[in-house]
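A.B. asks: sequence and computational prediction follow.
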Amino acid sequence: MIYMCGGEVEEERQDDKGDVVKDVIKFEETTVCLFCREKGKGYVYCGLLDYVAHDPSRLPIRFIWSLNNYRLLSEREEFSSLIKAANQLNADRLAK
C-alpha cells in the first residue's frame, strides 16, 4: 500500500467547514479514481483510492489517500514512469 497526499479541493482555499469539503469527506459513498500524467504526455489510470484522513489545520485542506493495487500497477511501464518522474521532481525540490 502506498499513501499519497493530494492538493487543493477546487481552486479556492477550502477548510473542513465548507460544503464542498463536507461532501468530499463522505468517501464511503464515492468511488475515487486517480489519473496522473507527466508534462506533455497523456493521462495514465492509476487505480482506485481509499480515503485515509484529512488535515483540516492546513489551508488548503490536505487529504491522505491509500492507492489500491500498487503492486499490480507498479508492474506497468506507464505507472513506473510516473513514479520515477515524481521521485525526480521531489529530489529536484529538495536540492534547491
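C.D. replies: Done, it's in.

A.B. asks: which residue ranges of the protein form helices?
C.D. replies: Listed in chain order, the helices of the chain (DSSP state H) span 19-24, 70-74, 77-95.

A.B. asks: those helices: lowest mean pLDDT?
C.D. replies: Note on the helices of the chain: lowest mean pLDDT is at helix 19-24, with a mean of 63.

A.B. asks: pairing partners for the longest strand seen in the chain, with directions?
C.D. replies: For the chain, the strand with the greatest residue count under DSSP state E is strand 44-55. Counting by DSSP bridges, the strands paired with strand 44-55 are strand 32-36 (antiparallel), strand 62-67 (antiparallel).

A.B. asks: could the helices of the chain go into CSV alongside distance to residue 46 and mean neighbour count?
C.D. replies: Every C-beta, even on glycine, is put in place using the N, C-alpha and C of the backbone. Rendered in CSV, the data for the helices of the chain read as follows (distance: least, C-beta to C-beta, whole Å; neighbours: other C-beta atoms under 10 Å):
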stretch, distance to residue 46, mean neighbour count
helix 19-24, 19, 13
helix 70-74, 6, 13
helix 77-95, 6, 12
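
A.B. asks: quick one, which of those gets closest to residue 64.
C.D. replies: helix 19-24 (12.8 Å; C-beta to C-beta).

A.B. asks: follow-up on the earlier one: can you redo the helices of the chain as CSV with distance to residue 57?
C.D. replies: Formatted as CSV, those follow (distance: least, C-beta to C-beta, whole Å):
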stretch, distance to residue 57
helix 19-24, 13
helix 70-74, 28
helix 77-95, 22
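
A.B. asks: of all those, which lies closest to residue 41?
C.D. replies: Relative to residue 41, the nearest member of these by C-beta to C-beta is helix 77-95, separated by 8.4 Å.
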